[in-house]
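**Student:** Compute the structure for the input listed below.
(one chain, ligands or ions: 2)
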Amino acid sequence: MESIKIKAPGTVANLVCGFDILGLALNEPCDIMEFRLLDEPKVIIHNRDAYNLPTDPEQNVAGVVLLAAIEKAGGTIGFEVTIEKHIKPGSGLGSSAASAAGAAVGANKLLGNRFSTDELIQLAMIGEKLATGVKHADNITPCILGGVTLIRSILPIDIVPLASPDLYVTVVHPQIEVRTSDARQILKQLIYLKDAIKQWGNIAGLVAGFMRNDKQLIGRSLEDVIIEPVRSILIPGFDEIKAKCKQAGALGGGISGSGPSIFMLSETEQVAREVGRIMHGIYERIGVENNVYVTTISNEGVRVVEHE
Ligand SMILES: Nc1ncnc2c1ncn2[C@@H]1O[C@H](COP(=O)(O)OP(=O)(O)OP(=O)(O)O)[C@@H](O)[C@H]1O
Ligand SMILES: N[C@@H](CCO)C(=O)O
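**Tutor:** Ligands and ions are numbered 1, 2, ... in the order given. As a prediction, the model looks like this:
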């Protein structure tokens, strides 16, 4: 195989209470990436979108992942990649992770699938480190594997794919940029034991809810007493959106990744669409441009759409 075209899905990391350890893949939006194998060890990047992301491989998350893949493969081949981004950088929808995970999977396919899943996650985390300053796998893992995933540990890597319930996901992306690196810097480094107890109760409840397909338990467990109170201050309309969406029948939700996007889970498409209208209406009223996605959890991660 000389070239390949893949789709890398957007992801919702944290799932409210599971900071850095839980995430899910979305059916929409997705980035498209095309890779071509080169016979010398270099990376060439073309951006086919309006986001003006770096073409220097050392500065682009896909580039650093491809450079690491070249080294791991023995340093004799290279890659040319064209990135068509539909997941806006800094949206909280796993834009950097889509490029990082897409690069790891795309390179692996062209190299004859020589890397294990754990190695793909290691490679993709190099990209997340470039984007956010820290290695974390709660976007890249669902992006690679699809579904809902628990990252029990990254050192060593220990991934637990969870059952993916049949749920609708509504996401509103207000058009402001919150960089993950900034949204991490404002977090407290010390927390109260009483908050930790509440948080680990919610994480355990959420995982059990996914495994048992208990949607009410999922809804009750979508509560974050540690990260959300700090980060939600950066997101206009957050409290009103959350309250009104739950009144309209959403199971619950919160900040998507590090924000500014907000997501809600619903049992029916009708409620999910109503939730989208509420989100959009609140941002229209307060004068914030926004995009709404009404989608579902994708059980597929990065997927090949064409190869030669
Ligand atoms: N290929 C790339 N795709 C996306 N962002 C990139 C890429 N290369 C470099 N970056 C940089 O990474 C940053 C975006 O990553 P960041 O993690 O802040 O956003 P995000 O991935 O949308 O958020 P989240 O991880 O919360 O979902 C921007 O500063 C952007 O310039
Ligand atoms: N867990 C990460 C996801 C965003 O990259 C965070 O919330 O900072």
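**Student:** Following element in sequence after the lengthiest helix in the chain, please.
**Tutor:** Ranked by number of residues, the top helix in the chain under DSSP state H is helix 193-212. Going down the chain from helix 193-212, the next helix or strand is helix 215-221, by DSSP states H and E.
**Student:** now for that following helix, which elements pack on it?
**Tutor:** Counting contacts by 3 or more CB pairs under 8 Å, 6 or more residues apart in numbering; DSSP states H and E, helix 215-221 packs against helix 193-212, strand 252-255. Backbone N, C-alpha and C define where each C-beta goes, glycine included.
**Student:** Name every strand pairing with the shortest one and say which way it goes.
**Tutor:** Listed by DSSP bridges, the sheet partners of strand 252-255 and their directions read strand 262-266 (antiparallel).
**Student:** Tally up the residues packed near Gln185, please.
**Tutor:** Residues lying near Gln185 (other CB atoms under 10 Å) number 9.
**Student:** Any figure for the gap between it and ligand 2?
**Tutor:** Distance, Gln185 to ligand 2, by CB to the nearest ligand atom, to the nearest Å: 10 Å.
**Student:** Equivalent analysis for Leu150, please.
**Tutor:** From Leu150 to ligand 2 the distance is 13 Å (CB to the nearest ligand atom).
**Student:** Let's see the pLDDT reported for that residue.
**Tutor:** Note for Leu150: predicted pLDDT of 98.
**Student:** tell me, how many neighbours does the closest residue to Gly18 other than its chain neighbours end up with?
**Tutor:** Distance criterion CB to CB, 6 or more residues apart in numbering; nearest residue to Gly18, sequence neighbours excluded, is Ile203 at 5.3 Å. For Ile203, the neighbour count with other CB under 10 Å is 19.
**Student:** can you pull the contacts of Ile203?
**Tutor:** Cys17, Gly18, Ile21, Leu22, Ser221 (CB atoms under 8 Å, 6 or more residues apart in numbering).
**Student:** Measure how buried the last one is and give me the count.
**Tutor:** Yep, that's Ser221 we're talking about. For Ser221, the neighbour count with other CB under 10 Å is 24.
**Student:** gap between it and ligand 1?
**Tutor:** 21 Å.
**Student:** And for the first one?
**Tutor:** Relative to ligand 1, Cys17 is positioned 16 Å away (criterion: CB to the nearest ligand atom).
**Student:** Once you drop chain neighbours, what's closest to that residue?
**Tutor:** Asn202 (4.0 Å).
**Student:** Likewise for the last one?
**Tutor:** Nearest residue to Ser221, sequence neighbours excluded (CB to CB, 6+ apart): Gly205, at 3.5 Å.
**Student:** Confirm for me that the one you found is in contact with Arg220.
**Tutor:** Yes. Gly205 lies in contact with Arg220 (CB atoms under 8 Å); the separation is 6.4 Å.
**Student:** Compare neighbour counts for those two and give me the winner.
**Tutor:** More neighbours surround Gly205 than the other of Gly205 and Arg220, with 19 against 15 (other CB under 10 Å).
**Student:** Tell me who's in contact with that one.
**Tutor:** Gly205 touches Leu217, Arg220, Ser221, counting by CB under 8 Å, 6+ apart.
**Student:** Out of those residues, flag the one nearest to Ile197.
**Tutor:** Nearest to Ile197 among the contacts of Gly205 is Ser221, at 13.9 Å by CB to CB.
**Student:** Tell me which residues touch the closest one, please.
**Tutor:** Cys17, Asn202, Ile203, Gly205, Leu206, Gly209, Gly252.
**Student:** Kindly report the same for Leu66.
**Tutor:** Counting by CB under 8 Å, 6+ apart, the residues that Leu66 touches are Val43, Pro57, Phe79, Val81, Ala103, Ala107.
**Student:** one step back: quick one: buried residues of the longest helix of the chain?
**Tutor:** The neighbour-count check on helix 193-212 (16 or more other CB atoms under 10 Å) flags Gln199, Asn202, Ile203, Gly205, Leu206, Val207, Gly209, Phe210 as buried.
**Student:** ok, back up a step: tell me the two of the contacts of Leu66 that are most distant?
**Tutor:** Largest separation among the contacts of Leu66 by CB to CB: Pro57 and Ala107, giving 12.4 Å.
**Student:** How many residues are close by Asn27?
**Tutor:** With other CB under 10 Å as criterion, Asn27 counts 16.
**Student:** ok, it touching Ser298?
**Tutor:** Yes. Assessed by CB under 8 Å, Asn27 is found in contact with Ser298 at 4.4 Å.
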